[in-house]
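J.: coords below, sequence missing:
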């Protein structure tokens, strides 16, 4: 009796389970099918104005924290282009579950390669690009190699964007008052002067408090892409993990002989107490704090954050320590020239979801919006700055061009996200004419003065190699481990040769071969 | 049918946990098949091509695999040896405190770190252990010790993980033992006192045996998560220098797999880990049952 009821109870549960399973697999199949509502309506195919707005799933700007629905910017776009926008946040997990937006942005050729491998992207016809977006195309043709970085299987998988004046290029930010205190009148320009200054910071009590509590500099050994100390490596003409061209050969910056020279210098500095031992755990955030707190005397900083009196790091320093004086300078000139980590002319990449392939009407719409985002001032301003007079204005009152500023209440990025500003902005797709009109001449001047670009950048423009996915992350962490230990004196400098052997055998050799093949095929000349 | 009606309320209660486990634990098991496939988003789980045991072969042939397995096993072994008994000791000690208020105060303050996320907690740990501004170096300095950069030496990584894990979850973990201790029949204690047993004797003869079944169950449960413990903690404390001793299976999966769309490979690693976990649970349960002559254990 008891057994029987147990059995029927279990049967009931199993039936429920079956129903649930049925539901979930049902919704799965729906996902993979194309939405029948989105098929082309006959009137639109005839070129008439479609009455029904096209529905676009839009992957919001990847730096935005999350979706804000029905923002003023979204409504404005919907009215202007007769579309219905569904903003979504793109993550690897959302893509893996099959939710692929119609349009979104990716940061790197490596991301584009990974997504293309997963089959979620639609290939883009360069002819269509030229026809629909002539101004953009004319601009980017000057950097046509960017197309090569996102061309796989002889098809174009993303719309590359380019940038020549990069506000995020790095240069050196010095404690000017410390330099004065240790008797150095000239802000260091060469590696030797740099060395003198950082030694003095560590040894001559630059904060004049009678205690030995200062260091010259610190680094960011845990950065996700390289080794930190970019300007020091740059002075020797290398950047670890970057691909460099040398006499027609492509070699990796991690394993070049110049890298060993740079490491020898850093190792010496560490042994003499010039480098903060915490360089192993420091990040860009924490080394800025160390500058503010008077623990180190020089950092690598983005030009836009440090070159002008109103720049973020300068104002922060002033507010925390009004006595402190800062001076901005170029990266030190060494035996290999001067340079720092340089992302090159690439900006982000716009990609289109694979389902758009079967919806020519939607593709047409997307290009209409892209063209407007590229050359229509009003559209660009709305999506990236908001409404003039409400959200932003020119920095100089009454001006009609130049630097812009956000108005009270919208100064923080999160506040602007609530209005939808940035969510649908595509950044550097804009034409040169627009950029000239809306940029700060002083900042442009500063970038031209301080940036080491284009001295040291990736010879392959940061293209993804076929085996990058297999080896790159592993090789980067191998490099970081060895370099941190060589700098801190834990292992002898001659272990560099051991590192090179290990690097090659763990995939570096294969990558070097691929890099050379790619260079010969796509980037030479 | 009669029984169902009779125990209707209980079954209704059970339904919720059944639904939970079905939806979130058993349902997704279907996705495990991608460990034997080459998963591609556009083809979906079922449409991706089969590759048999290829991902497992890749895993066992990977040079890093044995280092990862060793790190994972060692770290978890240390956690089991030190972090597992710590809350038991705390609960036993707290139980001996006479003042109720003091007891409650200690308990409450010790719960607090549990509610701090590892992102913040690891920032604090790094700060405490800083050779120049950390409190640990400061105290060591009073005894004439040279400051040590603990985070920058790979031999300190496992002790740091164990110590910070204890620091964070000591109070929280002791709740269940404390509850078990308060459930001991006070008559036992009273008669022991009359017989002249001192505190130590009462602890060893009454308190510990009384909470033994709880300890056994907690032990088995903690073995189930043996290989997947403390991912958040490790990923936040790991740096390039400590990667030799600190890189465990989960951090590797995160770095290589999830960041680079290698879902099939990582699913294979996950499956392997679950298999080891299952064996450990079965083994531990068997051992516990043998030792307690069938009186405790999960089943």
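T.: Thanks, I have it. All values reported here derive from a predicted model rather than from experimental measurement. Numbers count the residues shown, from 1 in each chain, chains lettered A, B, ... in the order given.
J.: which residue sits closest to residue B:116, ignoring its sequence neighbours?
T.: Once flanking residues are discounted, residue B:116 sits nearest to residue B:168: 7.3 Å by Cβ to Cβ, 6 or more residues apart in numbering or on different chains. C-beta coordinates here come from the backbone N, C-alpha and C atoms, glycine included.
J.: if I look at the one you found, how far off is residue B:115?
T.: Residue B:168 is 10 Å from residue B:115, where distance means Cβ to Cβ, to the nearest Å.
J.: These two: which has the busier surroundings?
T.: residue B:168 (24 against 8; other Cβ atoms under 10 Å in any protein chain shown).
J.: Just say helix, strand or coil for that one.
T.: helix (DSSP: H, G, I helix; E, B strand; the rest coil).
J.: residue contacts, it?
T.: B:113-114, B:116, B:118, B:121, B:233 (Cβ atoms under 8 Å, 6 or more residues apart in numbering or on different chains).
J.: where's residue A:344, which helix or strand?
T.: For residue A:344, there is no enclosing helix or strand under DSSP states H and E.
J.: Just give the nearest non-adjacent residue to it, would you?
T.: That would be residue A:457: by Cβ to Cβ, 6+ apart, it lies 3.9 Å from residue A:344.
J.: The one you found and residue A:346 touch, don't they?
T.: No - using Cβ atoms under 8 Å, residue A:457 makes no contact with residue A:346, being 9.2 Å away.
J.: So if I had to pick from the two, which one is more boxed in?
T.: residue A:346 (24 against 21).
J.: pLDDT weak spots in the chain?
T.: Defaulting to chain A. A:1-51, A:525 (pLDDT under 70).
J.: think we crossed wires, I meant chain B
T.: In chain B, residues with pLDDT under 70: B:1, B:229, B:258-260, B:294, B:296-299.
J.: at 80 instead, please
T.: Scanning chain B for pLDDT under 80 picks out B:1-5, B:63, B:132-133, B:224-229, B:255-261, B:292-299.
J.: Would you mind listing what in it touches chain A?
T.: B:1-4, B:11, B:18, B:22-23, B:27, B:40-44, B:63-64, B:126, B:130-132, B:149, B:151-152, B:239-241, B:243-244, B:255-256, B:258-263 (Cβ under 8 Å from any Cβ of the partner chain).
J.: about what we covered before: need the overlap of contacts for residue A:457 and residue A:346.
T.: By Cβ under 8 Å, 6+ apart, no residue touches both residue A:457 and residue A:346.
J.: Quick check: closest non-adjacent residue to residue A:204.
T.: residue A:182 (4.5 Å).
J.: The one you found touches residue A:199, doesn't it?
T.: No - using Cβ under 8 Å, residue A:182 makes no contact with residue A:199, being 9.2 Å away.
J.: Could you count how many residues lie near the residue in the stretch 101-250 of chain B that chain A sits nearest to?
T.: Going by Cβ to the nearest Cβ, chain A is nearest to residue B:240 of the stretch 101-250 of chain B, at 3.4 Å. Neighbours of residue B:240 under the rule other Cβ under 10 Å: 23.
J.: Distance-wise, check the closest residue to it other than its chain neighbours relative to residue A:229.
T.: Once flanking residues are discounted, residue B:240 sits nearest to residue A:480: 3.4 Å by Cβ to Cβ, 6+ apart. Taking Cβ to Cβ as the measure, residue A:480 falls 12 Å from residue A:229.
J.: what's the answer for residue A:197, then?
T.: Residue A:197 is 15 Å from residue A:229, by Cβ to Cβ.
J.: where do the strands sit along the stretch 101-250 of chain B?
T.: Taking DSSP state E, counting those that start in this stretch, the stretch 101-250 of chain B contains no strands at all.
J.: With the stretch 101-250 of chain A instead?
T.: Going by DSSP E, counting those that start in this stretch, the stretch 101-250 of chain A shows strands at A:103-106, A:151-152, A:155-156, A:159-162, A:170-175, A:243-246, A:249-252.
J.: swap in chain A?
T.: A:54-59, A:83-88, A:103-106, A:151-152, A:155-156, A:159-162, A:170-175, A:243-246, A:249-252, A:298-302, A:326-329, A:346-352, A:392-394, A:404-406 (DSSP state E).
J.: Contacts for the fifth one, please.
T.: Spelled out, that is strand A:155-156. A:123-126, A:129, A:147, A:150.
J.: hang on, isn't the residue nearest to residue B:240 packed against residue A:221?
T.: Yes - the pair residue A:480 / residue A:221 is scored as a contact, 5.7 Å apart, by Cβ under 8 Å.
J.: Find the residues that touch each one of these two.
T.: With Cβ under 8 Å, 6+ apart, residue A:480 and residue A:221 have common neighbours A:227, B:240.
J.: any idea how far chain B is from residue A:133?
T.: According to Cβ to the nearest Cβ, to the nearest Å, residue A:133 stands 27 Å off from chain B.
J.: do residue A:297 as well
T.: 15 Å.
J.: Near that residue, how many other residues are there?
T.: 27.
J.: Give me the nearest residue to it, chain neighbours excluded.
T.: Residue A:297 sits nearest to residue A:201 (Cβ to Cβ, 6+ apart), 3.9 Å away.
J.: List the contacts of the nearest residue to residue B:184 once chain neighbours are set aside.
T.: Closest residue to residue B:184 apart from its sequence neighbours, by Cβ to Cβ, 6+ apart: residue B:210 at 4.7 Å. For residue B:210, the contact set (Cβ under 8 Å, 6+ apart) comprises B:180-181, B:183-184, B:188.
J.: Alright, that wraps it up for me.
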